[in-house]
Structure formats: structure tokens, C-alpha cells
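S.K.: using only what follows, build the 3D model:
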Amino acid sequence: MINIRKVESSDRDSWIGMRKALWPECPDSRHELEIDQILSSNGIVLIAESSSHDLVGFVEISLRRDHVEGTNTTPIPYLEAWYVDPTFRGQGIGKALIRQAESFALQTGFKQLASDAEVDNYTSIEIYRHLGFREVGRTVHFVRSLIGGTT
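M.R.: Below you'll find the predicted structure:
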């Protein structure tokens, strides 16, 4: 039995652990900063908790106020992160997290939920399609250093 609920301050260490599994190259300081930003925003973080009270998944929803490709309103609820522990995948937990995120968006007056995936992340793209998301575009992002170097 899995329980989907809002994140609590006592979940922070487990939440960071799941974020590290999702983004292993991201430094701890960045995880801490982003968690603080999410918690102080109007978004929501939902946690999947097992019957043994282990945290096994999460979604992070922000409210983006900039232009989001394919949407027709602003702000827009944006699925920033979505993770389920590999040993719990294939059990509908990810889908349950998304459905709860949709409920949050609808209850707060929104009619759309947006997200993204890396162009070569075929698994995520297929899962999004399976859940009813439609692809609205593909982009490649660029940065040019203005002061020396190439980064």
C-alpha cells in the first residue's frame, strides 16, 4: 500500500536522497538550494510513502511564470521532477503521483500541467505520452561565455 502525501520537513533527508538518485551529478548544495526554493514557492511536492513508511518516490511541481512551450496561460504548473525508486517501479506509483499533481493543479484553478524530458530520454517521453501528455516541441539549448573560455 502506497500513500501519496505532501512533503513534510521531516522528509528532507530522504527527499534529498531520491533527488541524488535522480540527478547524481548535482552537488548537495544545489539540492539544498532547490529544495528551499520549492518549499518557499507556491508549488507543491508530493511524496510516495510505502506501508513501512519508507519514501519511494516524489514529484516536484513549480508554478512557472515565464513562457512555457505549448501552453496558453501563465502561470502554469510545471512538473520539474518525478522519481520512483527502481525497486518500486511498475506498480503504478509514478502514475499515482502524476494524478495527485493533476488534482493539485485542478483544485488551484489550472487547466494544464506541463513538463519536459531530455530529447534522448525515450523512456520518459513514452511514459509522458502514455499518461496523456502531448509533445509540443523539441529544443537544443546553447550558452556562450562572454568572458574567456567556452562555457
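S.K.: tell me the SS of the most centrally placed residue in the chain?
M.R.: What sits nearest the mean C-alpha location of the chain, by CA atoms, centre = their mean, is residue 81, with 1.8 Å. Secondary structure, DSSP: H, G, I helix; E, B strand; the rest coil: residue 81 is strand.
S.K.: test my guess that it contacts residue 47.
M.R.: No - using CB atoms under 8 Å, residue 81 makes no contact with residue 47, being 11.9 Å away. From N, CA and C alone the C-beta is placed, and that goes for glycine too.
S.K.: now do the buried residues in the lengthiest helix in the chain.
M.R.: As assigned by DSSP state H, the longest helix anywhere in the chain is helix 93-107. Residues of helix 93-107 classed as buried by neighbour count (16 or more other CB atoms under 10 Å): 93-94, 96-98, 100-102, 104-105.
S.K.: adding distance to residue 118 and pLDDT, write those residues out as JSON lines.
M.R.: What follows is the buried residues of helix 93-107, written out as JSON lines (distance: CB to CB, whole Å; pLDDT from 0 to 100):
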{"residue": "93", "distance to residue 118": "22", "pLDDT": "96"}
{"residue": "94", "distance to residue 118": "17", "pLDDT": "95"}
{"residue": "96", "distance to residue 118": "24", "pLDDT": "96"}
{"residue": "97", "distance to residue 118": "20", "pLDDT": "97"}
{"residue": "98", "distance to residue 118": "18", "pLDDT": "96"}
{"residue": "100", "distance to residue 118": "24", "pLDDT": "96"}
{"residue": "101", "distance to residue 118": "20", "pLDDT": "96"}
{"residue": "102", "distance to residue 118": "23", "pLDDT": "96"}
{"residue": "104", "distance to residue 118": "25", "pLDDT": "94"}
{"residue": "105", "distance to residue 118": "23", "pLDDT": "94"}
